[in-house]
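Colleague: Have a look at this prediction, sequence included:
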Amino acid sequence: MRRSLVLTTEGAGHSFRASLPPHVFSSDRSEEDPDIIDGKPTLWLTMEDMRGVASVYFATFAAALVFLA
């Protein structure tokens with residue numbers, strides 16, 4: 001594993017960004033980034049995620065109604 005001689009990026013304004021490795025700031029991240037398919041970013045939420053959120057919302061709503069009734 002190759003390591004840089006300088007462990008911080010002086011061009012980054014924030015201390016957290018300065019501590020990140022150099023490959024994070026490279027412009028060609030499509031090979032290693034699973035969120036980019038065919039050069040286009042994918043959606044973070046899928047229909048399965050939305051269905052899960054809706055079912056939890058309605059289950060909580062029903063439980064609150066039963067508790068208050």
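Modeller: Arrived safely. Numbers count the residues shown, from 1 in each chain.
Colleague: Same question for the longest helix along the chain: list its buried residues.
Modeller: For the chain, the helix with the greatest residue count under DSSP state H is helix 47-68. Buried residues in helix 47-68, counted by 16 or more other CB atoms under 10 Å: none are found. C-beta coordinates here come from the backbone N, C-alpha and C atoms, glycine included.
Colleague: Let's test this: mean pLDDT of it, rounded?
Modeller: What helix 47-68 shows for mean pLDDT is 96.
Colleague: Could you do stretch 17-34 as well?
Modeller: For stretch 17-34, mean pLDDT rounds to 67.
Colleague: how does the protein divide into domains?
Modeller: 1-33, 37-69 (automatic domain parsing).
Colleague: quick revisit: CA-only coordinates of the longest helix of the chain in PDB, if you can.
Modeller: C-alpha atoms of helix 47-68 as PDB (Å, rounded to 0.1, in the frame of the first residue of the first chain):
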ATOM      1  CA  MET A  47     -39.300   2.000  -4.300                       C
ATOM      2  CA  GLU A  48     -38.600  -0.800  -1.700                       C
ATOM      3  CA  ASP A  49     -37.300   1.900   0.700                       C
ATOM      4  CA  MET A  50     -40.300   4.100   0.200                       C
ATOM      5  CA  ARG A  51     -42.600   1.100   0.700                       C
ATOM      6  CA  GLY A  52     -40.800   0.400   4.000                       C
ATOM      7  CA  VAL A  53     -41.100   3.900   5.200                       C
ATOM      8  CA  ALA A  54     -44.800   4.000   4.300                       C
ATOM      9  CA  SER A  55     -45.500   0.700   6.100                       C
ATOM     10  CA  VAL A  56     -43.700   1.900   9.300                       C
ATOM     11  CA  TYR A  57     -45.500   5.200   9.200                       C
ATOM     12  CA  PHE A  58     -48.900   3.600   8.900                       C
ATOM     13  CA  ALA A  59     -48.100   0.900  11.500                       C
ATOM     14  CA  THR A  60     -47.100   3.600  14.000                       C
ATOM     15  CA  PHE A  61     -50.200   5.600  13.100                       C
ATOM     16  CA  ALA A  62     -52.400   2.600  13.800                       C
ATOM     17  CA  ALA A  63     -50.600   1.800  17.000                       C
ATOM     18  CA  ALA A  64     -51.100   5.400  18.200                       C
ATOM     19  CA  LEU A  65     -54.800   5.300  17.300                       C
ATOM     20  CA  VAL A  66     -55.300   2.000  19.200                       C
ATOM     21  CA  PHE A  67     -53.400   3.500  22.200                       C
ATOM     22  CA  LEU A  68     -55.500   6.700  22.200                       C
END
